[in-house]
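> Give me a 3D structure for the following:
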Amino acid sequence: MHGNYIINSLVSACLLENGGEIGGEDCVKMHDVVRDMALWIACELETKEEKFSVKAGAQLFEEPDVKAWEGAKRMSVMKNQIEVLKGTPKCPNLRTLFLRENKLQVVSNGFCRFIPHLMVLNLSENIGLGALPEGISQLISLQSFDLSWTSITELPMELKSLTNLKMLDLSYTYDLRKIPSPLISSFSKLQIFRTWCRTSGDNPKEDNFLNGDNENLIEELKSLRHLNILTIPPIKSLFALERFVSFHLFQCCTQALHLRHHRESNVFNVLCLENMERLETLYFEGCGSIEEIKMEKLSPNTNYTSTFHTLSHIVIRGCNKLVDTTWLILDPNLCHILIFGCAKLEEMLSERKLSEIADVVGIPYLKPFLKLKTLALGYLPELKSIDWDALPFPGLKSISLLGDCPKLKKLPLNLDSVKGNQITILGSKDW
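Numbers count the residues shown, from 1 in each chain. Next up, the predicted model:
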């Protein structure tokens, strides 16, 4: 993508630095000196210096004075302590507004009245923000809207006026209970849609994108022809999953899948997802009937070594009949594994199944987890082994044992496992 090319070019020129990982994703940061220089250049290029207003991390407890907004074109007041936006700023030129990582609880109903050209609005990481202001529909030029990590409970139907919207991020909005239908399908230009939220039986039933067995969701998303990045609420049945993955649009753009409470079968064949070209995260939660997760060829043309070339994050939680996770060895690009609360899990990699897989794949000595960075295990009372032999972990950074793995006595490590890399091992004192 063009954006990645630009970022990589800036990193190569030392104008951006490695920022580590956040949420399992690689990040970049800008040195303070480079940032100050960039702001100075940007302001010099504008006819008025105040067109770039940056007060990030300035320990503000109140919003800037309304007059400070009037000439601004780009404005950042992120990482402050602002709780209320009570003014009605008149900002005819404002294009970008960053308000993330404040303590926002209330945005006044008049706040959006006079910002007609705003294109980017970031309200993310305001955990106390539970509702959007009336008049949000007046932001008709808005293209990017980030509400991730907020406590929004409902999206108002008036958002359908935001017909220029290209990015809507609802990740980790765990209090979100209703997205009215057909709101999402009205965003015909949408390219990025993330909605990683809980769904439950107490959601409003009528005209709700989040309700039911994902039928409403699938029908609305089918109309969004420009999608290139998609994450969706949990899929709760095998039938809904099969229907979802059958659409070419979703195969090309789905970045994360959350499978919850699947009870139709005791075996899940991961290769039913082999056509998901951009799948990065796969999350199994509360699939209480699944005893085995496997990769079994669906056709003679299946190539194990080229399947799931993007899948890097696996989460398995509360799958109480699952005995092992040997199938993970067939994912060559795994970076992060988290397995929690699986009461019968005895082995991550079964010695017996490893030999069976090696015969099927035609590779006698499989080398798993060569790209693994983090492994987190917890509340696995029957777990005896990750692997019975020491494994090479050239990229491993941490192993976390976060609770109740009493039968796990040994980690698959020796002096050659990490070849000089430092591994952080976290565990309880008892372990």
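> now the strands for the stretch 151-300 of the chain?
167-169, 192-194, 229-231, 254-260, 267-269, 281-285, 292-294 (DSSP state E, counting those that start in this stretch).
> now those as CSV including mean neighbour count?
C-beta here means a position set from N, CA and C on the backbone, and glycine is covered the same way. Listed next are these as CSV, based on neighbours: other CB atoms under 10 Å:
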stretch, mean neighbour count
strand 167-169, 21
strand 192-194, 20
strand 229-231, 20
strand 254-260, 21
strand 267-269, 17
strand 281-285, 20
strand 292-294, 18
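> Mind listing residues that contact stretch 29-36?
The contact list for stretch 29-36, computed with CB atoms under 8 Å, 6 or more residues apart in numbering, reads 15, 16, 17, 18, 19, 38.
> Now do the SS call for the last one.
Taken by DSSP: H, G, I helix; E, B strand; the rest coil, the conformation at residue 38 corresponds to helix.
> That one: what's it in contact with?
Contacts for residue 38 (CB under 8 Å, 6+ apart) come out as residue 30.
> Mind pulling up the pLDDT for it?
pLDDT, the model's per-residue confidence, is 75 for residue 38.
> same thing with the third one?
The predicted local confidence for residue 17 comes out at a pLDDT of 86.
> ok, now which ones touch residue 188?
Going by CB under 8 Å, 6+ apart, residue 188 touches 163, 223, 224, 225, 226.
> Buried ones among the residues you listed?
Buried residues within those, counting neighbours by 16 or more other CB atoms under 10 Å: residue 224.
> Output the strands of the stretch 151-300 of the chain as CSV; include the columns distance to residue 215 and mean pLDDT.
Shown next, in CSV, are the strands of the stretch 151-300 of the chain (distance: least, CB to CB, whole Å; pLDDT from 0 to 100):
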stretch, distance to residue 215, mean pLDDT
strand 167-169, 21, 97
strand 192-194, 17, 96
strand 229-231, 17, 94
strand 254-260, 16, 93
strand 267-269, 21, 92
strand 281-285, 20, 95
strand 292-294, 26, 89
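> Rebuild the contacts of residue 188 as a markdown table, extending it with pLDDT and distance to residue 186.
A markdown table is the format used below for the contacts of residue 188 (pLDDT from 0 to 100; distance: CB to CB, whole Å):
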| residue | pLDDT | distance to residue 186 |
| --- | --- | --- |
| 163 | 95 | 7 |
| 223 | 90 | 9 |
| 224 | 93 | 10 |
| 225 | 92 | 14 |
| 226 | 95 | 13 |
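> quick revisit: now, which of the contacts of stretch 29-36 lie within strands?
In this view, the contacts of stretch 29-36 that belong to strands under DSSP state E are 17, 18, 19.
> ok so residue 28 is a helix residue?
No: secondary structure of residue 28 (three-state DSSP): strand, not part of a helix.
> Now do the contacts for the residue positioned nearest the centre of the chain.
With distances taken as CA atoms, centre = their mean, residue 171 lies nearest the centre of the chain, 6.5 Å away. By CB under 8 Å, 6+ apart, the contact set of residue 171 is 148, 149, 194, 195, 196, 197, 231.
> For the spatially closest residue to the last one that is not a sequence neighbour, give its distance to residue 68.
Translated: residue 231. In space, and not counting its chain neighbours, residue 231 is closest to residue 256: 4.1 Å by CB to CB, 6 or more residues apart in numbering. Between residue 256 and residue 68 the distance, using CB to CB, to the nearest Å, works out to 39 Å.
> likewise residue 311?
Per CB to CB, residue 311 is found 47 Å from residue 68.
> try residue 427
Distance from residue 427 to residue 68, by CB to CB: 51 Å.
> try residue 111
Applying CB to CB to residue 111 and residue 68 gives a distance of 15 Å.
> re the thing from before, quick one, what contacts the residue nearest to residue 231?
When contacts are counted by CB under 8 Å, 6+ apart, residue 256 touches 196, 231, 232, 279, 280, 281, 282, 283, 313.
> I'd like to know how far residue 411 sits from residue 418.
Applying CB to CB, the value for residue 411 to residue 418 is 11 Å.
> ignore the last one, residue 221
43 Å.
> Check residue 228 too.
With distances taken as CB to CB, residue 228 is found 37 Å from residue 418.
> and if you look at residue 273?
Taken as CB to CB, the span from residue 273 to residue 418 is 31 Å.
> again, but for residue 375
For residue 375, the distance to residue 418 - CB to CB - is 13 Å.
> Show me the common contact partners of the two, please.
Common contact partners of residue 375 and residue 418 (CB under 8 Å, 6+ apart): residue 396.
> and the two most separated of the contacts of residue 256?
232 and 313 (15.5 Å; CB to CB).
> So which of residue 111 and residue 68 has more stuff around it?
Neighbour tally, residue 111 and residue 68, criterion other CB atoms under 10 Å: the higher count belongs to residue 111, 21 against 15.
> Helix, strand, or coil at that one?
coil.
> you'd agree it is up against residue 134?
No: Residue 111 is not in contact with residue 134 according to CB atoms under 8 Å; the separation is 9.5 Å.
> Low-confidence regions, the stretch 201-350 of the chain specifically.
201-205, 212-214, 297-307 (pLDDT under 70).
> quick one: the helices in it?
Along the stretch 201-350 of the chain, the stretches classed as helices by DSSP state H, counting those that start in this stretch are 215-221, 238-245, 248-253.
> For stretch 96-113, buried residues please.
By neighbour count with 16+ other CB under 10 Å, stretch 96-113 contains the buried residues 96-102, 104-105, 107-108, 110-113.
> related to what we said a few turns ago, could you export the contacts of residue 188 to a markdown table, including columns for distance to residue 263?
Converted to a markdown table, the contacts of residue 188 look like this (distance: CB to CB, whole Å):
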| residue | distance to residue 263 |
| --- | --- |
| 163 | 40 |
| 223 | 30 |
| 224 | 30 |
| 225 | 34 |
| 226 | 35 |
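> Residue 221 and residue 418: who's more crowded?
Higher neighbour count among residue 221 and residue 418: residue 221, with 23 against 16, using other CB under 10 Å.
> So residue 128 sits against residue 101, correct?
No: the pair residue 128 / residue 101 is not scored as a contact, 12.0 Å apart, by CB under 8 Å.
> which residues are contacting stretch 154-162?
For stretch 154-162, the external contacting residues (CB under 8 Å, 6+ apart) are 131-132, 134, 136-140, 142, 145, 176-180, 183, 186-187.
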